[in-house]
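Asks: Pasting a predicted model and its sequence here:
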Number of protein chains: 2
Amino acid sequence: MLNQSPQLDRIFHALSDPTRRAVLDRLTQGPASVSELAAPFGTTLAAIVQHVQVLEASGLISTEKIGRTRTCRVSADAIVCAEQWLSERRKVWEARLDRMEAYVLKLQAAEKKRGKRKHRK
Amino acid sequence: MLNQSPQLDRIFHALSDPTRRAVLDRLTQGPASVSELAAPFGTTLAAIVQHVQVLEASGLISTEKIGRTRTCRVSADAIVCAEQWLSERRKVWEARLDRMEAYVLKLQAAEKKRGKRKHRK
DNA sequence: GCAATACTAAAGGAATGACTTGACTTTTGA
DNA sequence: TCAAAAGTCAAGTCATTCCTTTAGTATTGC
């Protein structure tokens, strides 16, 4: 299995900032310019530009400059990539818990049987 | 909807480090002590202790100290929480893409009709 | 043309993060 | 009993992050 560690680093790091998650949230509603993205926040435009750069470097969004405005849109791959990483681990871990539970139940059943034998003697 | 932003901050930040993801990977195979977690890495035990603290603060793992050893295990909630955040956004965004596509197809169909009318004239 | 708009780039500062080292504490096993 | 094992705590260092300010460049609309 490919590790793609540096990409995951960038994706999860991008997602770890509330402003960037809010930007991403806004973009799931549809494309927007950098100024539009900046509007709801009490920060400078420059700060949002930097967040946009982090998001784009991570692959979570893609941007396109037409004239003087840069339009940002959510990009498929990265979000799916992160989701899969999490989902795979959760599945492995849940499967192990299930095996554990089955094992414990088996032990309990065996214990019960032995209990019965003891009673008969 | 609850925002639970600070928890997501911590979860995604915890996941953004490759060492911590590797620790988490190891723990999906089953519980382990801090020393066991540290073994595969070329770092000091103290460094891993700090990673474990970050993971625990995020809710991705829980730990329990028995005697002199601390046993770490994966914890359900946080990973599910992160997965859901991603999955919700992806779904909203995919739904929007579908609507867009439907709209474009409708436009194309209308365009075709007008083309036919033009031909008839 | 030229002022307003929409970024962009660079530099700096405060805060946070990832490691290390070194000095403990607590438990365990011989 | 006492040394090794397993962690814990506190500094301290160096890098990175987030944000600001300042000074640009490229476009647009009148």
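Replies: Nice, thanks for sending it over.

Asks: Wondering if the strand or helix carrying A:A47 reaches DNA strand D at all.
Replies: Per DSSP states H and E, A:A47 falls inside helix A:45-58. Yes. Residues of helix A:45-58 contacting DNA strand D under C-beta under 7 Å from any atom of the strand: A:A46, A:A47, A:Q50, A:H51, A:V54. All C-beta atoms are positioned from the backbone trio N, CA, C, and that covers glycine.

Asks: per-residue pLDDT, the residue nearest to the fourth one when sequence neighbours are not counted?
Replies: Right, A:H51. Leaving aside its chain neighbours, A:H51 sits nearest to A:R20 (5.0 Å; criterion: C-beta to C-beta, 6 or more residues apart in numbering or on different chains). On pLDDT, A:R20 comes in at 97.

Asks: How many residues are close by A:R20?
Replies: For A:R20, the tally of surrounding residues (other C-beta atoms under 10 Å in any protein chain shown) stands at 22.

Asks: Just name whatever secondary elements the helix holding A:A47 is in contact with.
Replies: helix A:5-15, helix A:18-28, helix A:34-38, strand A:61-66, strand A:69-74 (3 or more C-beta pairs under 8 Å, 6 or more residues apart in numbering or on different chains; DSSP states H and E).

Asks: Only the buried residues of it, if you could.
Replies: A:I48, A:H51, A:V52, A:V54, A:L55, A:E56, A:S58 (16 or more other C-beta atoms under 10 Å in any protein chain shown).

Asks: which parts of chain A sit against DNA strand D?
Replies: A:13, A:16-17, A:19, A:42-44, A:46-47, A:50-51, A:54, A:66-68.

Asks: State the pair within the residues you listed that is farthest apart.
Replies: For those, the maximum inter-member distance is 32.9 Å, found between A:S16 and A:G67 (C-beta to C-beta).

Asks: neighbour count winner among those two?
Replies: A:S16 (18 against 5).

Asks: so where's chain A shaky on pLDDT?
Replies: A:1-3, A:111-121 (pLDDT under 70).

Asks: what residues does chain A put near DNA strand C?
Replies: Going by C-beta under 7 Å from any atom of the strand, the residues of chain A near DNA strand C are A:S33, A:V34, A:S35, A:E36, A:L45, A:A46, A:V49, A:V52, A:K65, A:R68, A:T69, A:R70.

Asks: Tabulate those (TSV), appending distance to B:Q108.
Replies: Output for the residues of chain A next to DNA strand C, formatted as TSV (distance: C-beta to C-beta, whole Å):
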residue	distance to B:Q108
A:S33	27
A:V34	31
A:S35	32
A:E36	28
A:L45	38
A:A46	41
A:V49	36
A:V52	32
A:K65	28
A:R68	31
A:T69	27
A:R70	28
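
Asks: between those residues, which is nearest B:D25?
Replies: A:V52 (31.1 Å).

Asks: who does the biggest helix by length in chain A touch, helix- and strand-wise?
Replies: When chain A is parsed with DSSP state H, its longest helix is helix A:76-120. Helices and strands touching helix A:76-120, by 3+ C-beta pairs under 8 Å, 6+ apart, are helix A:5-15, helix B:18-28, helix B:76-120.
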